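A.B. asks: Using only what follows, build the 3D model:
(one chain, ligands or ions: 2)
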Amino acid sequence: MTETERVLNQVRDLLREFETSLESVSVREKVVALVPAFDAVRDLGKTLISEGLRLSARDRLLAYFLLYPRCVLHEKELAIVAGISEWARRVRELRVQHGWRIVTGVTVAQMIEAGDLDDLDIGDADLGVNDYLLADTNQDRDAAYRWNVANEIRRGAAGGQDKILKYLRANVGKPVSGEELSYVAQSSEWARRVRELRTEQGWPISTKMSGNPSLPVGVYVLERDRQAPSHDRRIADSVRRQVLQRDGYACRNCGWTHERWNTSDPRFLELHHVVHHAHGGSNEATNLVTYCNVCHDDLHKREDSG
Ligand SMILES: [Zn+2]
Ligand SMILES: [Zn+2]
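C.D. replies: Ligands and ions are numbered 1, 2, ... in the order given. The predicted structure is shown next:
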């Protein structure tokens, strides 16, 4: 007899017992009598995945997703396979901590709204708000690694801003999401802290609005593990944006733009003061010029030696 058959027999027995309780007068007695059968049905669902194996709810959910990639799965199916009431949390763990690209109907609705659905390649799948879909059978290993780093930093004793900086420095050149930074900082002020890191402490943190228009909304990249020289700091975000836009997001010396970015030459754009800050130069747009970091470094070296 298979495990499924064994549990099914159990369910039948328990339902028969429940039937006898229908003669009792109190509603409560009937409800209590149904509990064992209710639990047994749950066990029945658990036996449907990898019979005989002692898998966790999360493992069962993943196995089910992998059996039906790019198929729309309803939340009730997942509840049956998981056999626990907290199953949605396990799906979230698979998604966030383990890097499985599980798309929820809610996310899809938000992405459609943002006009951002094409990248997802989910075909004609029509996801309702209670549906789920595994978009890719390859795990994003880097997501899992980043998640571990994030947890380690989050548990540390440092303040929110230090934790954000630590996390960014652990991911130089890699895009990290605002959700990750918010999680690491454990503070609703995380976005403000990131901005301070850029504008007051001179860390080259790019966003769509500041530095790299090709980045998606809500994504941050620490371009280089080095703070800008103090004379380049404290430029207001609005001024930075204005200058970058004016200069067409290109180095005014060599013409470098983000389209030419590659791993062997990971440049980024910086602002240079025409009249140096130390010599009374202002942080106004008229005193600022866009340079790539290579040309910017060269310029300062020449000025230092000249
Ligand atoms: Zn340049
Ligand atoms: Zn400069």
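A.B. asks: Report how many residues lie close to residue 270.
C.D. replies: 25 (other Cβ atoms under 10 Å). For glycine as for every other residue, the C-beta is placed from the backbone atoms N, C-alpha and C.
A.B. asks: immediately after the helix or strand hosting it, which helix or strand?
C.D. replies: Assessed by DSSP states H and E, residue 270 sits inside strand 269-273. With elements assigned by DSSP H and E, the helix or strand that comes after strand 269-273 is strand 288-292.
A.B. asks: Give me the angle between the strand holding residue 270 and strand 288-292.
C.D. replies: Angle of strand 269-273 versus strand 288-292, following axes from the mean of the first three to the mean of the last three Cα atoms, to 10 degrees, is 140 degrees.
A.B. asks: Packing partners of strand 269-273?
C.D. replies: Under the contact criterion of 3 or more Cβ pairs under 8 Å, 6 or more residues apart in numbering; DSSP states H and E, strand 269-273 touches helix 237-246, strand 288-292, helix 293-305.
A.B. asks: what would those look like in a markdown table with distance to ligand 1 and mean neighbour count?
C.D. replies: Putting the helices and strands packed on strand 269-273 into a markdown table (distance: least, Cβ to the ion, whole Å; neighbours: other Cβ atoms under 10 Å) gives the following:
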| stretch | distance to ligand 1 | mean neighbour count |
| --- | --- | --- |
| helix 237-246 | 14 | 16 |
| strand 288-292 | 3 | 23 |
| helix 293-305 | 3 | 14 |
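A.B. asks: For residue 7, see how far away the most centrally placed residue in the chain is.
C.D. replies: For the chain, the residue nearest the mean C-alpha position is residue 177 (5.2 Å; Cα atoms, centre = their mean). Distance, residue 177 to residue 7, by Cβ to Cβ, to the nearest Å: 42 Å.
A.B. asks: go on, residue 85?
C.D. replies: In this view, residue 85 and residue 7 are 18 Å apart by Cβ to Cβ.
A.B. asks: again, but for residue 99
C.D. replies: According to Cβ to Cβ, residue 99 and residue 7 sit 33 Å apart.
A.B. asks: go on, residue 134?
C.D. replies: In terms of Cβ to Cβ, residue 134 sits 27 Å off from residue 7.
A.B. asks: before we move on, what about residue 253?
C.D. replies: To residue 7, residue 253 is 73 Å away according to Cβ to Cβ.
A.B. asks: thinking again about what came up before, which of residue 85 and residue 7 has more neighbours?
C.D. replies: Between residue 85 and residue 7, counted using other Cβ under 10 Å, residue 7 has the larger neighbour count: 19 against 10.
A.B. asks: Just list the residues touching that one, thanks.
C.D. replies: Residue 7 makes contact with 40, 43, 44, 47 under the criterion Cβ atoms under 8 Å, 6 or more residues apart in numbering.
A.B. asks: And for residue 79?
C.D. replies: Residue 79 neighbours (Cβ under 8 Å, 6+ apart): 45, 85, 87.
A.B. asks: for residue 196, same thing?
C.D. replies: residue 161.
A.B. asks: so where do the strands sit in the stretch 51-200 of the chain?
C.D. replies: Applying DSSP state E, counting those that start in this stretch to the stretch 51-200 of the chain gives strands spanning 73-74, 102-104, 131-134, 176-177.
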